[in-house]
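Fold the following, please.
(2 chains)
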Amino acid sequence: KAGVTQTPRYLIKTRGQQVTLSCSPISGHRSVSWYQQTPGQGLQFLFEYFSETQRNKGNFPGRFSGRQFSNSRSEMNVSTLELGDSALYLCASSLTASGDQETQYFGPGTRLLVL
Amino acid sequence: AQKITQTQPGMFVQEKEAVTLDCTYDTSDPSYGLFWYKQPSSGEMIFLIYQGSYDQQNATEGRYSLNFQKARKSANLVISASQLGDSAMYFCAIKAYNTDKLIFGTGTRLQVFP
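Numbering: from 1, shown residues only, chains lettered A, B, ... in the order given. Modelled structure (predicted):
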């Protein structure tokens, strides 16, 4: 069974531009979450989607948005990029997000560099 | 609110020795799960082991075991027989019931030397 895939793997943008990152969950998984990892702030939760609905959102500005499609694939968008948005963006999927034991499996991440 | 504390920024261990990575947590949720992930330099987060708050026994997965002490709110990861390939960042995380939102600690960088 294929794991979580993320595209693109690497991205270079300039300030003010916007970017869209894509995540395909493990087959059968219906919940997708996104995380931002930076050296300064560590791993921070962005948002969580289940059955095309956003269930939870982290403490990020409105420039960060996401969505989930009917096939459970998810995209996240960052508009008006800032230098501080440079980070590793990780996507994770789980079966249903119900119960405290539902394990999330992560993709390889997208490394975004904003110049 | 939930919080994870990992007090060891870095740890060294010799190959074939055991090592314990510390993790303490704080939560007001009655039901929660504790996870450990490994992150090699490539960046991907690799799931290692899970412990549920109501589990009576400590979780084990191959060379990984979790020393769960609920009263002390600690969930330390024990790696037995360390291998060179174990060198990586290790993150402890907590998740409440009915959400996929993981709260991570700051991580511990483990280096295994021959």
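
Same question for the helix or strand of chain A with the lowest mean pLDDT: list its buried residues.
Every helix and strand in chain A was compared by mean pLDDT, DSSP states H and E; the lowest is strand A:53-57, with a mean of 92. Buried positions in strand A:53-57, judged by neighbour count with 16 or more other CB atoms under 10 Å in any protein chain shown: A:55, A:56. Using the backbone N, CA and C atoms, a C-beta is placed for each residue, glycine as well.

got it, and stretch B:77-91?
For stretch B:77-91, the neighbour count (16+ other CB under 10 Å) marks B:77, B:78, B:79, B:82, B:86, B:87, B:88, B:89, B:90, B:91 as buried.

Which other helices and strands does the least confident helix or strand of chain A contact?
The contact analysis (3 or more CB pairs under 8 Å, 6 or more residues apart in numbering or on different chains; DSSP states H and E) places strand A:53-57 against strand A:42-50, strand A:64-68.

ok, that strand: who's next to it in the sheet?
Neighbouring strands of strand A:53-57 in its sheet, by DSSP bridges, are strand A:42-50 (antiparallel).

now, which of the buried residues of stretch B:77-91 lie close to chain A?
residue B:91 (CB under 8 Å from any CB of the partner chain).

before we move on, the earlier item: which one of the helices and strands packed on strand A:53-57 is the most hemmed in?
Highest mean neighbour count among the helices and strands packed on strand A:53-57 (mean count of other CB atoms under 10 Å in any protein chain shown): strand A:42-50, with a mean of 22.

Measure how that one sits relative to strand A:64-68, angle-wise.
40 degrees (axes from the mean of the first three to the mean of the last three CA atoms, to 10 degrees).

Tell me which residues are up against strand A:42-50.
Identification of contacts with strand A:42-50 by CB atoms under 8 Å, 6 or more residues apart in numbering or on different chains yields A:30-38, A:54-60, A:64, A:66-68, A:74, A:76, A:89-90, A:96-97, B:91, B:99-104, B:106-107.
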